[in-house]
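Asker: when you get a sec, could you give me coordinates for this:
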Amino acid sequence: MQSVRKKSISSKIISTYFLLSFVLVFLIMCIVYLQFKNVIQNNVLESNSDFIVELLDRQYAGDWRVEGEKLYKGDKIINEDYQMLDAIKNITKADVTIFLNDIRINTTVVKDDQRQVGTKAAQNVVDKVLKEGSSYKGTADVIGKKYVTIYKPIKDSTGKAIGMIFIGYPESYVFGIIKTPMILIIAISLLVLSLGGTVFYLIIRRNVIKPIEKLNKNLNAISDLNFKVTVDKKLLDRRDEVGDMFNSLDKMMNTLKEMVKKLSDSSLNLFEEANSLTAVSQEMAASSEQVASSVEQVASGAQEQSTSIDEIMFAFEKLSNVMDEAYVKLNSVKKEVQSTEQKASIGKNEMDKLILSIEDIRAAFNTVAEKLNTLNASVYNISSIADVIKGISEQTNLLALNAAIEASRAGEAGRGFAVVADEVRKLAEESKKSTDEIVNIINMIQTETKEVLETSNNVERFIDSQKESIKATVSSFTDILSSVENITPLINATTEYVDEMIEYKDETVSKIESVNQIATENLSVVEEVSSSSEELSASSEEVASASEKLLALADGLKDVVNSFKI
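Answerer: Sure thing, here's the model as predicted:
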């Protein structure tokens, strides 16, 4: 399908102008024709009709009258007086007819070489002239031909209308008369309209069409994203609707320029931020992987630590059984000597514990480090207690040896004490052996705890957290009875040492249970941290993917903005 060719505004204006011009010329022609026709009716025909009446009055004296089917003017029969009417036609160039009532009795109207007498007038003419007694002016149909006419009544002496006088021109004759003036008028009108059209076109061209062409040029440039074009200052200075239109266009272009500039700056900033976000998300993903790896190491160490603490608990249960047995035997010795006095110095142990609240993953790692330090301190404390127990065992062994020596000196009387002293010595040796096992297990725990602490420190460096140090203050045991003068003080001292061993045993078991609880909590925290690190890793990957999409969008936006020319 062929595209419809666009018509320019100028061609539309010219077409409209000439269409209106032709309509105007046609209206002028109609007005001229009607006016000329009116002049013929009111002036020419009126004066000619008066002339005919006057001529008949002058030619034939007397009144109008009717006798039978004859119409008289005075004594003259008008029915057959054709010469008079022909003479009038030659003078006026108009057809003349005389009616008796509504019947033509004399006429100059000829059809087929015969005068059209005996025919009737139109009924509207009869009503106007004969019945009302008035003149009729207008167009009438005469024997099938249109005439511009005037009818006047013929009245007798009494004033009664007894007939009519008709005078008229065929419309073709009237048109022939006014043809030349009308052609002249049309020519003059067309000339004037052509000159006016030229002037009108030049004015429209200058004030409307050219501004519209410039407006179209600017709008085409804007549609091509070119904002470098400028608006003509002359058009901006105009004080009419065209000036308002171009001022609005200029304002719109300036506003669009500012919007494009801001959009360009925003797209560049978005592109830079997207680049930064991509880099950060990649670093975060790498860091989260390292954190996850470190958390797995910490979890492994915490699991090993929990196993070691279970072994310590088992060893302390064995030690507790040995100490309970020693205490029972010492009570038996105390009953035999009946003078054993219970005196002992009880040491005090003070420890400040700092508990940090866990707010996030970083705080959780700090708690892990704190509890591991607490565990290390507790293990060190257990080692100190084991050293004390070992010292007590050695002292007890020495006291048992001294008691055996004293019993041998006493002879038969000290034989029972010798047996008791030997039992005490055996218990002391078993205590020393159990203490050595505990020391070995504690050393192993200290080594594993140190490794776990080092791993925790590595994790802390990954999450940029600082480890809060926990300082523990442990009080030492003091003022143990160092010497006895005889067997009774030695037994009392041994009983006191055993009592202290039981107290230390209970305290140590309590601390080990606390350490075991801490280790369990650490393991739970590490599992939570491991889960969080996995979620962090997954989130980091999602952020990295989203940042890459954002970077692509920002790059596309930058290309779109760069297509604008400002």
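Asker: which residues in this structure form helices?
Answerer: Counting by DSSP state H, one finds helices in the chain at the ranges 9-39, 46-59, 82-92, 123-126, 171-204, 210-223, 233-237, 241-337, 361-410, 415-462, 487-562.
Asker: quick check: buried residues in the shortest one?
Answerer: Of the residues in helix 123-126, 125-126 count as buried by neighbour count, 16 or more other CB atoms under 10 Å. Bear in mind the C-beta positions are built from the backbone N, C-alpha and C, glycine included.
Asker: could you give the mean pLDDT of it?
Answerer: When pLDDT is averaged along helix 123-126, the result is 89.
Asker: ok, now the last one?
Answerer: Taken as a whole, helix 487-562 carries a mean pLDDT of 66.
Asker: what about residue 59, neighbour count?
Answerer: Residue 59 has 13 neighbouring residues, counting by other CB atoms under 10 Å.
Asker: for burial, what's the neighbour tally of the nearest residue to it once chain neighbours are set aside?
Answerer: Computed as CB to CB, 6 or more residues apart in numbering, the closest residue to residue 59 that is not its neighbour in sequence is residue 84, at 6.8 Å. Neighbour count of residue 84, defined by other CB under 10 Å: 19.
Asker: and residue 75, by the same measure?
Answerer: With other CB under 10 Å as criterion, residue 75 counts 9.
Asker: swap in residue 76?
Answerer: 15.
Asker: and residue 428, by the same measure?
Answerer: Close neighbours of residue 428, defined as other CB under 10 Å, add up to 25.
Asker: cool, residue 57 as well?
Answerer: 14.
Asker: and the gap between it and residue 183?
Answerer: 41 Å (CB to CB, to the nearest Å).
Asker: and residue 389, by the same measure?
Answerer: 148 Å.
Asker: so which bits of stretch 67-77 are buried?
Answerer: Buried-residue list, stretch 67-77, by 16+ other CB under 10 Å: 71-73.
Asker: what's the domain layout of this structure?
Answerer: According to automatic domain parsing, the chain comprises the domains 9-194, 313-502.
Asker: hey, least reliable of the ones you listed by pLDDT?
Answerer: domain 313-502 (a mean of 66).
Asker: on that earlier part again, residue 389 and residue 183: who's more crowded?
Answerer: In this view residue 389 and residue 183 are compared by other CB under 10 Å, and residue 389 has more residues nearby, 24 against 11.
Asker: which one is that one nearest to, not counting chain neighbours?
Answerer: residue 435 (4.9 Å).
Asker: count residues in the vicinity of the one you found, would you?
Answerer: There are 24 residues near residue 435, going by other CB under 10 Å.
Asker: repeat that for residue 202.
Answerer: Residue neighbour count, defined by other CB under 10 Å, stands at 11 for residue 202.
Asker: make 135 the starting number, not 1.
Answerer: Taking 135 as the first residue, the last one we looked at is residue 336.
Asker: gap between it and residue 557?
Answerer: 142 Å.
Asker: try residue 511
Answerer: Counting by CB to CB, the gap from residue 511 to residue 557 is 37 Å.
Asker: so what's the closest residue to residue 558 other than its chain neighbours up against?
Answerer: Nearest non-adjacent residue to residue 558, counting by CB to CB, 6+ apart: residue 534, 4.3 Å away. Neighbour list for residue 534: 555-556, 558-559, 562, 628 [criterion: CB atoms under 8 Å, 6 or more residues apart in numbering].
Asker: let's go with 6 Å and repeat that
Answerer: 555, 558-559 (CB atoms under 6 Å, 6 or more residues apart in numbering).
Asker: closest to residue 265 out of those residues?
Answerer: residue 558 (174.7 Å; CB to CB).
Asker: just give the number of residues close to that closest one.
Answerer: 25.
Asker: how near is residue 316 to residue 165?
Answerer: 11 Å.
Asker: more neighbours, these two?
Answerer: More crowded of residue 316 and residue 165, by other CB under 10 Å: residue 316, with 16 against 11.
Asker: separation between that one and residue 279?
Answerer: In terms of CB to CB, residue 316 sits 21 Å off from residue 279.
Asker: same check, this time on residue 637
Answerer: Distance from residue 637 to residue 279, by CB to CB: 156 Å.
Asker: could you do residue 196 as well?
Answerer: Counting by CB to CB, the gap from residue 196 to residue 279 is 34 Å.
Asker: now residue 214
Answerer: For residue 214 relative to residue 279 (CB to CB), the value is 24 Å.
Asker: any idea how far residue 532 is from residue 559?
Answerer: For residue 532, the distance to residue 559 equals 9 Å [CB to CB].
Asker: looking at residue 511 and residue 557 now, which is surrounded by more residues?
Answerer: residue 511 (20 against 16).
Asker: quick check, nearest of the buried residues of stretch 201-211 to residue 641?
Answerer: residue 205 (168.4 Å).
Asker: residue 232: how many residues sit nearby?
Answerer: So residue 232, with other CB under 10 Å, has 23 neighbours.
Asker: I figured it hits residue 241, correct?
Answerer: No. Using CB atoms under 6 Å as the test, residue 232 is too far from residue 241 to be in contact (7.3 Å).
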